[in-house]
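Engineer: Below are the sequence and a predicted model for it; my questions follow.
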Amino acid sequence: MKKAYEKPTLVKREKLTELTAQIVVSGVTILSAINHRDGGSGAD
(Lines give C-alpha, C1' and ligand atoms only; values in the text may rest on other atoms or scores of the structure.)
Protein backbone atom coordinates (compact mmCIF):
# COMPACT_ATOMS: atom_id res chain seq x y z
CA MET A 1 0.00 0.00 0.00
CA LYS A 2 2.73 2.43 0.93
CA LYS A 3 4.64 1.89 -2.32
CA ALA A 4 1.50 2.43 -4.39
CA TYR A 5 1.14 5.80 -2.67
CA GLU A 6 4.82 6.75 -2.93
CA LYS A 7 5.17 6.10 -6.64
CA PRO A 8 2.73 8.75 -7.96
CA THR A 9 4.29 11.30 -5.61
CA LEU A 10 7.72 10.53 -7.01
CA VAL A 11 6.46 10.83 -10.59
CA LYS A 12 4.80 14.13 -9.75
CA ARG A 13 8.01 15.41 -8.18
CA GLU A 14 10.02 14.33 -11.22
CA LYS A 15 7.62 16.15 -13.53
CA LEU A 16 7.77 19.24 -11.33
CA THR A 17 11.57 19.15 -11.28
CA GLU A 18 11.59 18.78 -15.06
CA LEU A 19 9.24 21.74 -15.42
CA THR A 20 11.31 23.85 -13.02
CA ALA A 21 14.47 23.00 -14.94
CA GLN A 22 12.83 24.05 -18.21
CA ILE A 23 11.69 27.35 -16.67
CA VAL A 24 15.18 28.02 -15.28
CA VAL A 25 16.81 27.25 -18.63
CA SER A 26 14.30 29.49 -20.41
CA GLY A 27 14.94 32.31 -17.96
CA VAL A 28 18.71 32.01 -18.28
CA THR A 29 18.44 31.95 -22.08
CA ILE A 30 16.27 35.07 -22.09
CA LEU A 31 18.60 36.85 -19.67
CA SER A 32 21.61 35.93 -21.80
CA ALA A 33 19.87 37.23 -24.93
CA ILE A 34 19.04 40.53 -23.19
CA ASN A 35 22.60 40.75 -21.89
CA HIS A 36 24.11 40.25 -25.34
CA ARG A 37 21.74 42.80 -26.84
CA ASP A 38 22.80 45.39 -24.26
CA GLY A 39 26.50 44.81 -24.88
CA GLY A 40 27.21 41.70 -22.81
CA SER A 41 29.36 43.09 -20.00
CA GLY A 42 26.70 44.21 -17.54
CA ALA A 43 26.18 41.31 -15.16
CA ASP A 44 28.75 39.50 -12.99
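Structural biologist: Perfect, thanks for sending it.
Engineer: Show me where this structure has its helices.
Structural biologist: Using DSSP state H, the helices of the chain run over 2-38.
Engineer: quick one: low-confidence parts of it?
Structural biologist: Within the chain, the stretches with pLDDT under 70 are 1-6, 39-44.
Engineer: middle-most residue in it, spatially?
Structural biologist: Ala21 (2.0 Å; C-alpha atoms, centre = their mean).
Engineer: Name all residues that make contact with that residue.
Structural biologist: If you count contacts by C-beta atoms under 8 Å, 6 or more residues apart in numbering, Ala21 has none. Quick note: C-beta positions are derived from backbone N, CA and C, even for glycine.
Engineer: Can you give me the distance of it to Val28?
Structural biologist: Per C-beta to C-beta, to the nearest Å, Ala21 is found 11 Å from Val28.
Engineer: repeat for Glu14
Structural biologist: In terms of C-beta to C-beta, Glu14 sits 21 Å off from Val28.
Engineer: what number of residues lie near Asn35?
Structural biologist: The tally of other residues near Asn35 (other C-beta atoms under 10 Å) stands at 14.
Engineer: Then Leu31?
Structural biologist: Residues near Leu31, counting by other C-beta under 10 Å: 11.
Engineer: what's the answer for Val28, then?
Structural biologist: Neighbours around Val28, by other C-beta under 10 Å: 10.
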